[in-house]
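> Quick one: sequence plus predicted model below, questions after.
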Amino acid sequence: MTKPISSLYLGIDGGGTKCRVRLEDAQGKLLAEAVSGAANIATSVNVAQQSIIDAAQQALAAANLPPSLMAHIHAYAGLAGAGIESSTNEMSLWQHPFASFNFSTDLHIACHGAHDGNNGAIIILGTGFCAGAIDNTSVIELGGHGLMLSDGASGSWMGLTLFRYALEVLDGLSPPTELITMLLNELNCETSSQLTQLAINKKPAFFARFAPLIFQMQSDPLAISILDQATSFTYRYIKHLVSLGFDNISLMGGIADKISARLPHDTGQYLRSAKYPPEQAAVELAKRYTS
């Protein structure tokens, strides 16, 4: 008699730059982890879906499991852009290859993991920016409206701010700084026309690639200005979350540590380290949906 194949569980953290997944068996054993490309469904549902499949395939391969077991995976994803109704509706129509697939926002799974399913708040500082909290059964979401409308303090906002100042330098409106000189040398751009042609149609993830330059040159006057603005933006959200009654706030994302180090000292009483990463929380939600 053929032994039945046990279910597998995949937790997915889909961000604007990377899609991280965690694969576990029914007993909770970690089988593999993997990373693929962007999974922001507000930017591109098709790209997000391909990133999810790519990461799942990588995880199966890393666990020495055949691709055919994709059909035995119960998946749960927290996706950037899932707070936008049109993107959520389109994603809901996906003919996915899994045994089951459910999703919510990346903020939801991050907050669930940060506070082990209990009430608490988070601020995500990555390619994008968002904040929110879990309050009993309710999920509160703040910000995260995209680079054009919000996302101050995000990596993409920092990079875009660099590009905007660089255009003023090239047009002779603002004095150059060492940071801008480094940026323009890296891009091999000598005129505002060249820089505009390079960047005019780029996605947020493109601009986020240049945020590390700011942290590398923190003594540059422009870097100081950008970091001060990002810190103030984040501080406003911390104060707002505290005013809503949340005194346990986790800062998460690729630039969270760098921004938290610049925050006023009075925020220390509210900041908490996350207990579990988002993809691990998503695994637990996958199991909950299939229990």
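Now that the structure is in, tell me what you want to look at. Numbering: from 1, shown residues only.
> Show me the strands in the stretch 151-291 of the chain, by range?
Along the stretch 151-291 of the chain, counting by DSSP state E, counting those that start in this stretch, strands occupy 249-252.
> pLDDT below threshold where in it?
Applying pLDDT under 70 to the stretch 151-291 of the chain flags no residue at all.
> can you map out the helices along it?
155-170, 178-187, 192-199, 204-208, 211-216, 221-243, 256-260, 278-290 (DSSP state H, counting those that start in this stretch).
> Now stretch 269-280 - C-alpha only, PDB.
The C-alpha trace of stretch 269-280 is given here as PDB (Å, rounded to 0.1, in the frame of the first residue of the first chain):
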ATOM      1  CA  GLN A 269      10.300  52.300  26.200                       C
ATOM      2  CA  TYR A 270       7.900  51.300  23.300                       C
ATOM      3  CA  LEU A 271      10.200  49.400  21.000                       C
ATOM      4  CA  ARG A 272      10.300  45.600  21.100                       C
ATOM      5  CA  SER A 273      12.200  43.000  19.100                       C
ATOM      6  CA  ALA A 274      10.100  40.900  16.800                       C
ATOM      7  CA  LYS A 275       9.500  37.400  18.200                       C
ATOM      8  CA  TYR A 276       9.300  35.600  14.800                       C
ATOM      9  CA  PRO A 277      10.000  36.600  11.200                       C
ATOM     10  CA  PRO A 278       7.000  37.200   8.900                       C
ATOM     11  CA  GLU A 279       7.400  34.000   6.900                       C
ATOM     12  CA  GLN A 280       7.300  31.900  10.000                       C
END
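> Name the residues of that stretch that are buried.
Going by neighbour count (16 or more other C-beta atoms under 10 Å), the buried part of stretch 269-280 is 270, 271, 274, 275, 276, 277, 278, 279, 280. Heads up, the C-betas are built off the backbone N, CA and C, glycines and all.
> Just list the residues touching the closest residue to the third one other than its chain neighbours, thanks.
Spatial nearest neighbour of residue 274, chain neighbours left out: residue 114 (3.8 Å); criterion: C-beta to C-beta, 6 or more residues apart in numbering. With C-beta atoms under 8 Å, 6 or more residues apart in numbering as the criterion, the residues that contact residue 114 are 120, 122, 250, 252, 272, 274, 275, 276.
> Number of residues surrounding residue 220?
19 (other C-beta atoms under 10 Å).
> Name the nearest residue to it, ignoring sequence neighbours.
Residue 220 sits nearest to residue 179 (C-beta to C-beta, 6+ apart), 4.1 Å away.
> Likewise for residue 151?
According to C-beta to C-beta, 6+ apart, the nearest residue to residue 151 is residue 129 (4.4 Å).
> Quick check: that neighbour vs residue 203, distance?
15 Å (C-beta to C-beta, to the nearest Å).
> that older thread, list the backbone torsions phi and psi for the residue nearest to residue 151.
phi -140, psi 140 (degrees, to the nearest 10).
> begin at 123 from here
Noted, 123 is the first residue going forward, which turns the last one into residue 251.
> can you pull the contacts of it?
Neighbours of residue 251 in contact, by C-beta under 8 Å, 6+ apart: 245, 265, 266, 272, 273, 274, 275, 276, 279, 355.
> Please name the bridge partners of it.
According to DSSP bridges, the residues that bridge with residue 251 are residue 247.
> so who does the residue nearest to residue 342 touch?
284, 335, 336, 339, 342, 344, 345.
> and which of the residues you listed is nearest residue 359?
Nearest to residue 359 among the contacts of residue 301: residue 336, at 19.9 Å, using C-beta to C-beta.
> nearest spatial neighbour of the closest one, skipping sequence neighbours?
In space, residue 336 is closest to residue 345, 4.7 Å off (C-beta to C-beta, 6+ apart).
> For the one you found, which residues are in contact?
299, 301, 336, 337, 339.
> Those: which two are farthest apart?
Longest span within the contacts of residue 345, C-beta to C-beta: 299 and 337, 15.0 Å.
> More neighbours: which of the two?
Each of residue 299 and residue 337 has its neighbours counted (other C-beta under 10 Å); residue 299 has more, 19 against 13.
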